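> pasting the structure only:
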């Protein structure tokens with residue numbers, strides 16, 4: 001049995017608590033004044049699909065469990081449903097926006113991902129470390145506005161707003177770190 005500390009939980013972490021299996025949907029580390037830090041997580045029960053919030057002390061140990069991983073590619077979204085296809089047997093899987101959380105913001109047609117399965121049910125996805133998306137809208141750079149570290153907002157192909165350097169223009173392809181959601185480079 002593997003254990004993990006509550007402060008190492010992140011979105012997508014899998015753990016067992018009170019005999020139930022959970023996946024972390026949102027993670028929050030809270031430190032109040034001189035008191036001990038607490039970890040608050042929004043989780044989904046794997047079996048019942050019900051959501052709840054749990055709070056742990058900073059160093060509480062939780063039993064970890066693993067999921068089966070299968071290579072897949074993103075096909076399309078319809079409303080809050082996102083569809084993926086297994087790269088080996090071409091089976092299709094559906095996951096909803098609430099489970100995917102912010103990961104859904106980086107999906108585009110044909111993106112290769114890893115789908116996590118627990119008890120033969122698709123549970124979540126692992127994204128590549130970065131994705132390349134096209135800028136579809138941004139303000140033009142203004143002459144003389146060259147202060148160090150200056151940035152502006154750009155909207156990329158999936159309607160996600162990203163802070164980018166002033167030299168980025170509509171039509172540019174930019175690399176975005178999927179863990180931080182920040183601009184990495186121009187492609």
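Yes, it's here. As the structure is a computational prediction, the values presented were derived from the model and not from experiment.

> What count of nearby residues applies to residue 67?
By the criterion of other Cβ atoms under 10 Å, residue 67 has 21 neighbours. To be clear about C-beta, it is placed using only N, CA and C from the backbone, and glycine gets the same treatment.

> That one reaches residue 114, doesn't it?
No. Counting by Cβ atoms under 8 Å, residue 67 stays clear of residue 114, with 9.7 Å between them.

> List phi and psi for the residue sitting nearest the centre point of the chain.
The centre of the chain sits closest to residue 103, judged by Cα atoms, centre = their mean, with a distance of 3.0 Å. Dihedral pair for residue 103: phi -60, psi -30, per degrees, to the nearest 10.

> Touching, it and residue 116? I think so.
No. At 11.3 Å, residue 103 and residue 116 do not qualify as touching, with contact defined as Cβ under 8 Å.

> Between those two, which contacts overlap?
12, 124, 125 (Cβ atoms under 8 Å, 6 or more residues apart in numbering).

> List only buried entries from those.
12, 124, 125 (16 or more other Cβ atoms under 10 Å).

> In helices, which of those residues fall?
Among these, no residue falls in helices (DSSP state H).

> how about low-confidence regions in this protein?
Along the chain, the model assigns pLDDT under 70 to residues 1, 142-149.

> just to revisit the earlier point, which one of the shared contacts of residue 103 and residue 116 is nearest residue 45?
residue 124 (13.7 Å; Cβ to Cβ).

> give me the element the nearest residue to that closest one once chain neighbours are set aside is part of.
Of all residues not flanking residue 124 in the chain, residue 116 sits nearest, at 4.8 Å (Cβ to Cβ, 6 or more residues apart in numbering). For residue 116, the element it lies in under DSSP states H and E is strand 112-118.

> Describe which strands that strand pairs with in its sheet and in which direction.
Next to strand 112-118 in the sheet, as set by DSSP bridges, lie strand 68-78 (antiparallel), strand 121-126 (antiparallel).

> Show residues contacting that strand.
Under Cβ under 8 Å, 6+ apart, the answer for strand 112-118 is 12, 14, 21, 46, 65, 67-74, 84, 86-87, 93, 95, 107, 122-128.
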